[in-house]
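[1] Okay, predicted coordinates and the sequence, questions at the end:
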Amino acid sequence: MFAITGITGQVGGTVARALIDNGQRVRAVVRNAEKGAAWARKGCEVAVADLYDAAALKKAFAGVQGVFFLLPPVFDPSPDFNEARRVIAAVREALEVAQPSKVVSLSTIGAQALQPNLLQQHQLQEKSLGTLPLPITFLRAAWFMENATWDVAPARTTGVIPSFLYPLDKPVPMVATEDIGCVAAELLQETWQGRRVVELEGARLSPNDIAAAFGRVLEREVRTEAVPRATWEALFKSQGMKNPVPRAQMLDGFNEGWIDFEGDASSTRKGTVSLDTVLQTLIARA
């Protein structure tokens, strides 16, 4: 049996479905029983545990063959990343007690970067969980293609997508959440020893490539327009963020190239879901 956190989200849900399709038993780790009802109907066990609650997580992880851990995204973190630190501490305590046979933990491209930025939450995760005495894989995924969700409305209504990534012709490693979940499920069913890092990308795409894909799917002209760097933090604050600096630093990292994979392109696993396919789904949902 495999315990899956984040199962109500896109990646965790895909992990669980892929395991079920392969005949594996799944334990859905959810914050409340209501969120687990749909998975119970699919034949999953349901364990109710908040990711801040080490005692509940120990029970959720008890007796399983493997655990998939997804650190909840916090885009407006405390300056010391307290939200992530609390989750990581609880999960580490639970894993140390439960001792599953293996763990796959979703991380990110650039987790190794030393410069301050939003993705340091995952660096904290790798440093803490990576010292556990059990096999653990950190799946470092590229920029999510699904981040284009925010571009659907402007692409459809004005044909102009504001971009925080630039130069507009600079390719960035990207991947679909479907690919992330499927690869995570594959990793959970592998055997290895100690700590390892697996890096995953689907395609290298520029903001201009994203605009062109929107144009194909929407059958209209779509272009990108760079959002001036000097306006970012004020813009993010106007949208309700209290601490926009880490997010701006992360975007700087992609634009300046210091957020990248640690290995070379030949060593990364490759996804197969295309950007056009992702955009078709996002547009259908909008």
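    Nice, thanks for sending it over.

[2] Distance-wise, check the spatially closest residue to Thr149 that is not a sequence neighbour relative to Val152.
    With sequence-adjacent residues excluded and distances taken as Cβ to Cβ, 6 or more residues apart in numbering, Thr149 is closest to Leu282, at 5.4 Å. Just so you know, the C-beta spots here come from the backbone N, C-alpha and C atoms, and that holds for glycine as well. From Leu282 across to Val152, the span is 5 Å (Cβ to Cβ, to the nearest Å).

[3] can you check Asn22 too?
    Asn22 is 32 Å from Val152, by Cβ to Cβ.

[4] Comparing those two, which residue is more hemmed in?
    Per other Cβ atoms under 10 Å, whichever of Asn22 and Val152 has more neighbours is Val152, with 19 against 11.

[5] So in this protein, which helix runs the longest?
    The single longest helix within the chain, with elements called by DSSP state H, is helix 82-98.

[6] buried residues in it?
    Glu83, Ala84, Arg85, Val87, Ile88, Ala90, Val91, Arg92, Ala94, Leu95, Ala98 (16 or more other Cβ atoms under 10 Å).

[7] Which pLDDT value does the model give the last one?
    Translated: Ala98. pLDDT, Ala98: 98.

[8] Equivalent analysis for the fifth one, please.
    As summarised for this prediction, Ile88 has a pLDDT of 98.

[9] Kindly report the same for the first one.
    Listed pLDDT for Glu83 reads 97.

[10] which residues touch it?
    By Cβ atoms under 8 Å, 6 or more residues apart in numbering, Glu83 lies in contact with Pro72, Val74, Pro77.

[11] one step back: look at the residue nearest to Thr149 and say how many residues are nearby.
    Counted with other Cβ under 10 Å, Leu282 comes out at 20.

[12] what helix or strand is it on?
    Leu282 belongs to helix 275-285 when assigned by DSSP states H and E.

[13] Can you give me the buried ones in that helix?
    For helix 275-285, a neighbour-count test (16+ other Cβ under 10 Å) marks Leu275, Val278, Leu279, Thr281, Leu282, Ile283 as buried.

[14] Appreciated, that's everything.
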